[in-house]
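Colleague: everything below, folded, please.
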Amino acid sequence: MRRADTRHDGRLRMFCFPYAGGGASAYAGWQRWLGDGVEVLPVQLPGREGRMSEPRFTDLPALVADLDRELGEQLEGPYVLYGHSMGALVAFALAQHRRARGERLPLALLLGAHRAPHLPAPPITHGYVADDMELVRGLAALGGLPRVLLDRPEWLAALLPVVRGDLMLCDGAGSVDRTPLPVPLHTFAGADDRLVTVPEIQEWSLYSTNGDCETVVVPGGHFFIRDKESVFLDRLSEVLSRYTDIADLLGMDLVGAPSD
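Modeller: This next block holds a predicted model:
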């Protein structure tokens, strides 16, 4: 991820976690679209893109503990977490990890294209698809593979181990604490998603202590953040606007606080 300044300038920080097989580049361009009121911080997980040489995590609790250590002071100011598909699970698990440790929680969780964690996961996310081409066909049907990848076998060969490792991460969903969190949840569903239905995403309402959860349905399938990016970002901007003023106030307190 791009290293954020640990000083707090009053802006709302949004840490973004990728879908299975994806990287920080999935959020390229979001900063320009969302403007200066939000600092967009894509999180680059090990074993992909700029961190390809690092070993990948296949254990969700271990990944979350590492993320909490790595992000460190950057989570001490006002922030929200956005995760798409697998990234939604990672964001939720990180918030649970921080709640258990008594650390500062996000102002809100923003979760896209992932069913509530108590619901059974679809077979593709369990890694049960043993044949590579069957897995490729399944991902292509969901819109998870750009056409250029389908035409480049050598690129697919490099991507599939990352995808399979991430599917093992998703298998760790059962180990995540499901205690309702004292933060608002904003969930996003693709109207034509073949993997996750709108009612399954609406079940996230069980995970906010005061029932403060809304589901925004946007056009597109499972990867609406790519296929219908401008429509989705408009809706996301509307949600974030509810927290930028809060971030301004909290940021002023942090900036004005005396240093040790």
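
Colleague: residue 90: what secondary structure?
Modeller: helix (DSSP: H, G, I helix; E, B strand; the rest coil).

Colleague: quick one: it from residue 63, how far?
Modeller: 7 Å (CB to CB, to the nearest Å). The way it works is simple: take the backbone N, C-alpha and C, and place the C-beta from them, glycine included.

Colleague: next, count neighbours for residue 12.
Modeller: 25 (other CB atoms under 10 Å).

Colleague: how much space separates it from residue 72?
Modeller: Using CB to CB, one gets 18 Å for the distance from residue 12 to residue 72.

Colleague: and for residue 88?
Modeller: Applying CB to CB to residue 88 and residue 72 gives a distance of 22 Å.

Colleague: of the two, which one has the most company?
Modeller: Taking neighbours as other CB under 10 Å, residue 88 and residue 72 compare with residue 88 leading, 27 against 10.

Colleague: my guess is residue 132 contacts residue 160. True?
Modeller: Yes - between residue 132 and residue 160 there is a contact at 5.8 Å, judged by CB atoms under 8 Å.

Colleague: out of these two, which sits in the busier spot?
Modeller: Taking other CB under 10 Å, residue 132 and residue 160 do not tie; residue 160 has more neighbours (16 against 13).

Colleague: how about the host helix or strand of that one: buried residues?
Modeller: Using DSSP states H and E, residue 160 maps to helix 153-170. For helix 153-170, the neighbour count (16 or more other CB atoms under 10 Å) marks 156, 159, 160, 162, 163, 164, 165, 166, 167, 168, 169, 170 as buried.

Colleague: distance to residue 102 and pLDDT added to those, as a markdown table?
Modeller: Listed next are the buried residues of helix 153-170 as a markdown table, based on distance: CB to CB, whole Å; pLDDT from 0 to 100:
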| residue | distance to residue 102 | pLDDT |
| --- | --- | --- |
| 156 | 44 | 72 |
| 159 | 39 | 74 |
| 160 | 40 | 79 |
| 162 | 34 | 80 |
| 163 | 35 | 82 |
| 164 | 35 | 82 |
| 165 | 31 | 80 |
| 166 | 29 | 84 |
| 167 | 32 | 83 |
| 168 | 29 | 81 |
| 169 | 25 | 83 |
| 170 | 27 | 84 |
